[in-house]
Structures are given as structure tokens and as C-alpha cells.
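Trainee: quick one, what's the 3D model for this:
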Amino acid sequence: MKLALIGDPVDHSGSPELQRGFLAEAGIDGHYIPIRVAKGAGSEVARRLRADGYTGCNVTTPLKEELLEVCDELDEDARIAQAVNTLYFGDRVYGANTDGAGARSALETVLGEAVALHRIGILGTGATARAMLAQLRETDAYTFLWGREPEKVIALCERFECQIWPQNPPEIVLSALPPAVDLPVGLRDDIRRADLVMDSNYGARSTLGSYLERDVVKGELMLEAQARASFDFWLAHVEQVI
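Mentor: This next block holds a predicted model:
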């Protein structure tokens, strides 16, 4: 099974180690390689990977929206979020988004219970934030959204049936913001008071905890859960072919 990760940057990614571990665990002869691909070149590279016999690839920033155009079919989260992080190359190209499922799985692991009835705030309006909203939309959680562009926030709140960041801040915060983003003072205070804060960034890129001067769950758990979901997606399609 030939697999890859495409995006820019990719050198920091923990996906190769995880996916190689999943391959070994399943007893599958294969490899997984990171390929740095600049914005605008994603579709061409994906088509080349398919022609070269790759089973599929993961997709990271800044290509998650761009790669929609190569997909013949999308899973529900990818369709709603309008972004993909996983492609399978078969007779048709299948696109999936496991970012939201990874975030939900990680959050429920930390909470020790389902997210239903919890008040959860999402920071950001990009592809990862939309995937989180798409996944939480199917639960009984109360979701709230903050972003740097108010027009996008309003549009996404209507689309995902969530609410604009409230005066009474949520107890749980999921950050889908890039590293080192400066936040308004009022929002910083809200996040500092939250019971639980989870950052989608991991490793050295997870700077939110030091910025807020509080404990933050870094994104390793989220990464592992979404990576496992991607691997299961590929495996399910391969087994259908066999």
C-alpha cells in the first residue's frame, strides 16, 4: 500500500510515524511518505500520485479546499465542511474529512463521556474548524464560534446551526487557529476561564498554552484519532476491491 501526505509544511507532521505504525500493526507491506506541495499544485500532485499507483494520501494545509476538485465522491463531513484531509484513489477518487471525527474522539477521551449537552466553543473558520462543526452538528452539543472575520462567522453559524461566541463563554474550547495568533483581550480571558482547552496544533507548534499561561490539551490525541480514521477509510476501500 503506497500512501503519502501532501501539503506545506509537512516536515513537522506526526502522520508518517503514525501511519507507518498502522501499516505494521495490520501486517501490510507499504510505505507512507511526506511530500511538500505548495498551494495551487495540489490537484496536479494528487493526479500524479494516483497515476503512480498510490492507494491514497492525507491532505494538510493549505490544500484541503483545493483538493475537492479532484474528488468524484465525498463523505458527509467533507461535503459539509467543504474540505478534505484524506483521498482514496480507486476507479473513482473518494474524499473524506477525518479532522472533525478526530477532534470529537479526542475530546470524548479527555472528558470520559460523550459531548452531548456540553457547551463547546470553536476558534477559527478554516477547514479544520469547519470539520469540527460538521462533526459536532450531529450531536446534542451546544456549539459556539469565534473567528477573525465576522462575516464568515455569521455565515458559518447559519450553515452549521451554531451560535456566535456568547457573553457567557463556553466551558470547553477547541482551537483550530494557526500557531502564534494574537487574540483579543476579552476572548483570552474567556479561554483562560474555560474548564478544558484543546489545541489542534501539536508538538512545538502548540503555543496556545504558553500564550494563555494555562494548561491546554495539545493536538497529539486529536492527530492520532484522525490518522486512525484515515487509515480505516483506506483499508475499507481496499478490502472492497479485494
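Trainee: report the rounded mean pLDDT for the longest helix that the chain contains.
Mentor: For the chain, the longest helix by residue count, based on DSSP state H, is helix 220-241. Helix 220-241 shows a mean pLDDT of 94.
Trainee: next one: stretch 120-133
Mentor: Mean pLDDT, taken over the full extent of stretch 120-133, equals 98.
Trainee: which residues are contacting the helix or strand bottoming out on mean pLDDT in the chain?
Mentor: Within the chain, no helix or strand scores below helix 220-241, which has a mean of 94 by mean pLDDT, DSSP states H and E. Contact with helix 220-241 is made by 1, 3, 14-15, 18-19, 22-23, 26, 55-56, 58, 75, 85-86, 88, 90, 94, 96, 98-99, 101-103, 105-106, 109-110, 198, 200, 202-203, as judged by C-beta atoms under 8 Å, 6 or more residues apart in numbering. No exception for glycine: its C-beta is placed from N, CA and C like everyone else's.
Trainee: same thing but 7 Å
Mentor: The contact list for helix 220-241 (C-beta atoms under 7 Å, 6 or more residues apart in numbering) reads 1, 14-15, 18-19, 22, 55-56, 58, 86, 88, 90, 94, 96, 98-99, 101-103, 105-106, 109, 198, 200, 202.
Trainee: let me see the contact set for the residue most central in space within the chain.
Mentor: To find the centre residue of the chain, average its C-alpha atoms and take the closest one (C-alpha atoms, centre = their mean): that gives D99, at 2.6 Å. For D99, the residues meeting the contact criterion (C-beta under 7 Å, 6+ apart) are 85, 128, 131, 226.
Trainee: how about the last one: what's its closest non-neighbour residue?
Mentor: The reference is to Q226. Of all residues beyond its chain neighbours, the one nearest Q226 is G102 (2.7 Å), with distances taken as C-beta to C-beta, 6 or more residues apart in numbering.
Trainee: please apply the same query to the second one.
Mentor: The spatially closest residue to T128, leaving aside those adjacent along the chain, is A176, at 4.0 Å (C-beta to C-beta, 6+ apart).
Trainee: doesn't the residue nearest to Q226 fall inside a strand?
Mentor: No: counting by DSSP: H, G, I helix; E, B strand; the rest coil, G102 is located in no strand; its state is helix.
Trainee: picking up where we left off before, for the longest helix of the chain, the distance to its chain's centre please.
Mentor: Taking C-alpha atoms, centre = their mean, to the nearest Å, the mean C-alpha location of helix 220-241 is offset from the chain mean by 13 Å.
Trainee: one more: stretch 185-199?
Mentor: 21 Å.
Trainee: where does the chain have low pLDDT?
Mentor: 242 (pLDDT under 70).
Trainee: okay, now the domains of it?
Mentor: Using automatic domain parsing, the domain ranges for the chain come out as 2-98+223-241, 100-218.
Trainee: adding mean neighbour count, write these out as JSON lines.
Mentor: As requested, the domains of the chain are exported to JSON lines (neighbours: other C-beta atoms under 10 Å):
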{"stretch": "domain 2-98+223-241", "mean neighbour count": "19"}
{"stretch": "domain 100-218", "mean neighbour count": "18"}
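Trainee: which residues of this structure fall in strands?
Mentor: Secondary structure of the chain by DSSP state E: the strands cover 2-7, 31-36, 56-59, 73-74, 86-89, 93-96, 119-123, 142-146, 163-164, 172-175, 196-199.
Trainee: by contact count, what packs against the third one?
Mentor: Think strand 56-59. Packed against strand 56-59 by the contact rule (3 or more C-beta pairs under 7 Å, 6 or more residues apart in numbering; DSSP states H and E) you find strand 2-7, strand 86-89.
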